[in-house]
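Enquirer: return atomic coordinates for the entry below.
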Amino acid sequence: MNSYVLSAIILSALITFLLRAFPFLLFKEKELPKWLEKLEKHLPMTIMAVLIVYCLKDLKTQLTTLFIPYLLACLTVVFTYKWKKNTFLSIILSTLVYMIFIRL
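Expert: Below you'll find the model as predicted:
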């Protein structure tokens with residue numbers, strides 16, 4: 001591997017690390033601002049709503065073969081998030097439900 005590619009990889013890794021570490025360095029021992037606490041509280045549900053709208057944007061109003069899997073996946077997202085308040089779990093379970101039902 002030539003030195004240009006190696007230096008690009010190292011620089012990319014360093015920038016990625018610094019960008020991820022920046023919030024922890026900035027708010028190390030301070031209380032979070034109120035707007036950031038509010039954002040932390042509402043952002044996961046907002047992201048879920050955007051993902052649902054994005055996934056349903058191509059769904060036609062007529063009953064197609066994909067309507068039931070879409071509906072079941074959306075219901076899985078809603079109920080899982082309301083139940084566990086875990087965005088990752090909601091996304092994984094709804095994707096699993098969708099993939100199972102499009103294969104049936």
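
Enquirer: run a quick neighbour tally on the residue lying closest to Ile47 once chain neighbours are set aside.
Expert: Leaving aside its chain neighbours, Ile47 sits nearest to Thr87 (6.5 Å; criterion: C-beta to C-beta, 6 or more residues apart in numbering). (Glycine included, C-beta is placed from N, CA and C.) The number of residues packed near Thr87 is 17, by other C-beta atoms under 10 Å.

Enquirer: hmm, Thr87 is touching Pro44, no?
Expert: Yes: between Thr87 and Pro44 there is a contact under C-beta atoms under 8 Å: 4.7 Å.

Enquirer: what touches both of these two?
Expert: Tyr81 (C-beta atoms under 8 Å, 6 or more residues apart in numbering).

Enquirer: that older thread, which residues touch the residue nearest to Ile47?
Expert: By C-beta under 8 Å, 6+ apart, Thr87 lies in contact with 44, 47-48, 81.

Enquirer: mind running it again at 10 Å?
Expert: 43-45, 47-48, 51, 77, 80-81 (C-beta atoms under 10 Å, 6 or more residues apart in numbering).
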